[in-house]
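A.B. asks: 3D, please:
(one chain, ligands or ions: 3)
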Amino acid sequence: MVRELLEKARGLSIYTAYNTNVDAIVYLNGETVQRLIDEFGADAVRKRMEDYPREISEPLDFVARLVHALKTGKPMAVPLVNEELHTWFDSHFRYDVERMGGQAGIIANLLSNLDFREVIVYTPHLAKRQAEMFVRKPNLFYPVVEGGRLVLKHPWEAYREGDPVKVNRIFEFRAGTAFKLGDERIVVPFSGRFIVSARFESIRIYTEPGLRSFLPEIGERVDGAILSGYQGINLRYSDGKDANYYLRKAKEDIMLLKREKDLKVHLEFASIQSRELRKKVIYNLFPLADSVGMDEAEIAYVLSALGYDELAERIFTYNRIEDTVLGGKILLDEMNLDVLQIHTIYYIMYITHADNPLSEEELRRSLELATTLAASRASLGDITAPDQIEIGLRVPYNERGEYVKLRFEEAKRKLRTKEYKLVIIPTRLVQNPVSTVGLGDTISTGAFTSYLAMLKEKGEL
Ligand SMILES: Nc1ncnc2c1ncn2[C@@H]1O[C@H](COP(=O)(O)OP(=O)(O)O)[C@@H](O)[C@H]1O
Ligand SMILES: O=P(O)(O)OC[C@H]1O[C@](O)(CO)[C@@H](O)[C@@H]1O
Ligand SMILES: [Mg+2]
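C.D. replies: Ligands and ions are numbered 1, 2, ... in the order given. Model prediction:
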């Protein structure tokens with residue numbers, strides 16, 4: 001079933017933009033965390049945790065947010081705004097792996113490795129080091145303008161000397177890792193990742209002006225677009241541009257992509273610490289997207305920005321299915337999306353309106369493909385060929401699978417759900433994942449492309 005669905009999805013052409021970066025990954029152990037805490041002192045760390053810095057301007061901000069993420073086991077990302085901290089990070093950590101990062105980069109490599117018909121990836125900064133992180137496959141293209149025409153080249157042939165390289169630091173943590181914060185003993189409850197996202201002036205999230213007029217042509221070529229990276233927009237830049245400017249451009253990009261053909265657009269949401277920017281991204285872009293995907297921490301943040309602080313707090317603290325369903329309904333309606341997909345450690349959920357062309361059974365199959373792909377990636381570190389879906393199929397559903405289903409049925413009885421299609425499946429959870437960063441992107445890619453494939457089969461695309 002899952003295999004056949006992947007087969008169908010592979011017939012699609014997909015455009016993805018905007019963010020790519022180098023992920024420098026550190027696998028954390030208890031001793032490393034302990035050393036960091038001891039360096040600053042438990043009291044100082046605890047105090048800074050209470051301040052809850054939204055940006056990393058000095059090392060203690062990092063340590064405090066890291067310890068907070070470890071304590072809750074939640075996937076978090078915090079922007080690094082002080083370029084001088086590179087030296088501090090590099091003197092404190094040895095990076096175990098360097099790999100493609102950023103939603104657009106990860107998704108492009110995944111789709112290309114799965115042998116999709118055509119994958120067009122655009123990122124506004126493409127240095128040689130970044131370009132070489134793309135897989136060398138004949139179905140992968142980067143759009144360039146030459147002689148007034150759109151030319152599709154492999155990213156390896158399209159890099160630009162002098163483009164900036166963005167390096168994010170990824171701290172992978174594992175459930176069970178233990179350390180002490182003063183008298184308090186902390187045991188990490190879930191495996192996940194903490195991202196230190198580089199946010200510097202030189203990195204802008206936009207389509208370069210010369211290429212913009214070709215977006216309708218790109219839109220016409222593909223069946224769908226997966227867009228992400230808006231979290232990388234700064235509120236203000238020293239040249240006078242601001243988030244409003246870049247969001248206006250981002251809106252126009254989506255409209256240009258849709259001009260010749262009503263292609264479906266998926267927006268992969270990622271953590272935005274600044275409430276002001278988060279709100280802007282939600283209000284400007286969600287209404288233009290057909291599909292949105294995010295994780296459990298992100299739905300809480302989104303609801304909080306929309307003014308549902310109590311519900312957000314409940315989701316963040318208890319991660320109860322009925323709260324997520326309620327939050328999902330609110331978001332789907334307020335933003336009038338076709339489909340909202342939420343991935344959490346134990347389950348993945350789809351919410352659509354009742355008139356969605358796909359049946360609940362079909363939506364379930366789409367999520368099955370999504371979690372199976374994530375399980376393959378978690379087991380292998382990377383998916384390099386379509387038949388590696390088999391690895392994911394061998395990964396069992398998590399031990400709370402039955403409980404998840406039960407709580408979901410209960411939630412459906414309690415909340416008004418007649419006007420919606422609601423589907424939830426337990427995740428296939430790999431016990432010792434090679435890494436977890438990018439698993440959400442993998443889930444959203446599997447979900448959205450299989451959703452499109454089924455729509456197409458019904459003549460709805
Ligand atoms: N060990 C694992 N095995 C399989 N799937 C996992 C594992 N750990 C996490 N996942 C899935 O990956 C998702 C992570 O998504 P997200 O937080 O968006 O990560 P990212 O943004 O780094 O891609 C989780 O919600 C869960 O469904
Ligand atoms: O917000 P940024 O800096 O674009 O980074 C996004 C981060 O999310 C990921 O794409 C995973 O979803 C990482 O690979 C990357 O470091
Ligand atoms: Mg994510």
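A.B. asks: which residues in the stretch 201-350 of the chain form helices?
C.D. replies: According to DSSP state H, counting those that start in this stretch, the stretch 201-350 of the chain carries its helices in the segments 209-212, 215-221, 243-257, 275-285, 296-305, 309-318, 321-335.
A.B. asks: residues of the third one that come out buried?
C.D. replies: Applying a neighbour-count criterion of 16 or more other CB atoms under 10 Å, one finds Ala243, Tyr246, Leu247, Lys249, Ala250, Asp253, Ile254, Leu256, Leu257 buried in helix 243-257. In this view, the C-beta of every residue, glycine as well, is placed from N, C-alpha and C.
A.B. asks: give me every residue that touches the fifth one.
C.D. replies: With contacts defined as CB atoms under 8 Å, 6 or more residues apart in numbering, the neighbours of Ala250 are Ile205, Tyr206, Tyr230, Asn284, Leu285.
A.B. asks: redo that, cut-off 7 Å
C.D. replies: The contact partners of Ala250, taken as CB atoms under 7 Å, 6 or more residues apart in numbering, are Tyr230, Leu285.
A.B. asks: The last one too?
C.D. replies: Neighbour list for Leu257: Leu215, Ile218, Gly219, Ala225, Leu263, Val265 [criterion: CB under 7 Å, 6+ apart].
A.B. asks: Make JSON lines from those and add distance to ligand 2, neighbour count and pLDDT to it.
C.D. replies: Formatted as JSON lines, the contacts of Leu257 follow (distance: CB to the nearest ligand atom, whole Å; neighbours: other CB atoms under 10 Å; pLDDT from 0 to 100):
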{"residue": "Leu215", "distance to ligand 2": "21", "neighbour count": "25", "pLDDT": "98"}
{"residue": "Ile218", "distance to ligand 2": "21", "neighbour count": "24", "pLDDT": "98"}
{"residue": "Gly219", "distance to ligand 2": "23", "neighbour count": "23", "pLDDT": "98"}
{"residue": "Ala225", "distance to ligand 2": "17", "neighbour count": "26", "pLDDT": "98"}
{"residue": "Leu263", "distance to ligand 2": "23", "neighbour count": "23", "pLDDT": "96"}
{"residue": "Val265", "distance to ligand 2": "18", "neighbour count": "23", "pLDDT": "98"}
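A.B. asks: Give me the residue at the spatial middle of this protein.
C.D. replies: Among the residues of the chain, Asp441 comes closest to the average C-alpha position under CA atoms, centre = their mean, at 4.6 Å.
A.B. asks: and the angle from the lowest-mean-pLDDT helix or strand in the chain to helix 321-335?
C.D. replies: Every helix and strand in the chain was compared by mean pLDDT, DSSP states H and E; the lowest is helix 401-414, with a mean of 90. Orientation of helix 401-414 against helix 321-335 (axes from the mean of the first three to the mean of the last three CA atoms, to 10 degrees) gives an angle of 60 degrees.
A.B. asks: In terms of secondary structure, what does helix 401-414 contact?
C.D. replies: Contact here means 3 or more CB pairs under 7 Å, 6 or more residues apart in numbering; DSSP states H and E; on that basis helix 401-414 packs against helix 321-335, strand 420-426.
A.B. asks: how about the longest one: buried residues?
C.D. replies: Going by neighbour count (16+ other CB under 10 Å), the buried part of helix 321-335 is 321-332, 335.
A.B. asks: if I look at Glu161, how far off is ligand 1?
C.D. replies: Using CB to the nearest ligand atom, to the nearest Å, Glu161 is found at 30 Å from ligand 1.
A.B. asks: backbone phi and psi for that residue, please?
C.D. replies: Backbone torsions of Glu161, given as degrees, to the nearest 10, read phi -60, psi 140.
A.B. asks: Tell me where the stretch 351-461 of the chain is predicted with low confidence.
C.D. replies: Low-confidence segments of the stretch 351-461 of the chain (pLDDT under 70): none present.
A.B. asks: who's in contact with Pro396?
C.D. replies: Applying CB under 7 Å, 6+ apart, we find Pro396 in contact with Arg428.
A.B. asks: again with Gly392
C.D. replies: Thr372, Leu373, Ala375, Ser376, Arg428.
A.B. asks: is it true that the fourth one touches Ile389?
C.D. replies: Yes. The pair Ser376 and Ile389 passes the contact test of CB atoms under 7 Å, sitting 5.9 Å apart.
A.B. asks: Neighbour count: the two, which is higher?
C.D. replies: A side-by-side neighbour count of Ser376 and Ile389, using other CB atoms under 10 Å, places Ser376 first with 27 against 21.
A.B. asks: Next one: Lys8 from Leu455, what distance?
C.D. replies: As judged by CB to CB, to the nearest Å, Lys8 and Leu455 stand 11 Å apart.
A.B. asks: Neighbour count: the two, which is higher?
C.D. replies: When Lys8 and Leu455 are compared on other CB under 10 Å, the one with more neighbours turns out to be Leu455, at 19 against 16.
A.B. asks: just the angle between the helix or strand containing the more buried one and helix 296-305, please?
C.D. replies: For Leu455, the element it lies in under DSSP states H and E is helix 439-457. Counting by the same axes, to 10 degrees, helix 439-457 lies at 80 degrees to helix 296-305.
A.B. asks: ok, residues contacting helix 439-457?
C.D. replies: Outside helix 439-457, the residues within contact range by CB under 7 Å, 6+ apart are 5, 8-9, 12, 14, 103, 106-107, 110-111, 223-224, 226, 264, 266, 268, 291, 293, 295, 339, 341, 343, 348, 357-358, 362, 366-367, 369-371, 373-374, 377-378, 461.
A.B. asks: Show me just the buried residues among the residues you listed.
C.D. replies: Neighbour-count burial (16+ other CB under 10 Å) applied to the contacts of helix 439-457 gives 5, 8-9, 12, 14, 103, 106-107, 110-111, 223-224, 226, 264, 266, 268, 291, 293, 295, 339, 341, 343, 348, 358, 362, 366-367, 369-371, 373-374, 377-378, 461.
A.B. asks: which among these are in contact with ligand 1?
C.D. replies: Residues shared between those and the neighbourhood of ligand 1 are Asp295, His343, Ile348, Ala374, Ala378 [CB under 6 Å from any ligand atom].
A.B. asks: For ligand 1, see how far away the closest residue to the second one other than its chain neighbours is.
C.D. replies: If I follow you right, that is His343. Nearest in space to His343, with sequence neighbours left out and distances taken as CB to CB, 6 or more residues apart in numbering, is Ile443 at 4.7 Å. Taken as CB to the nearest ligand atom, the spacing of Ile443 relative to ligand 1 amounts to 6 Å.
A.B. asks: What's the local residue count around Ile443?
C.D. replies: Other residues near Ile443 come to 27 when the count uses other CB under 10 Å.
A.B. asks: Could you do Leu152 as well?
C.D. replies: The number of residues near Leu152, taken as other CB under 10 Å, comes to 14.
A.B. asks: How about Thr72?
C.D. replies: By other CB under 10 Å, the residues close to Thr72 number 17.
A.B. asks: got it, and Ser213?
C.D. replies: The number of residues packed around Ser213, counting by other CB under 10 Å, is 13.
A.B. asks: mind listing what the nearest residue to it once chain neighbours are set aside touches?
C.D. replies: Leaving out its chain neighbours, the residue that sits closest to Ser213 by CB to CB, 6+ apart is Leu256, at 7.9 Å. Counting by CB under 7 Å, 6+ apart, Leu256 makes contact with Arg212, Leu215, Pro216.
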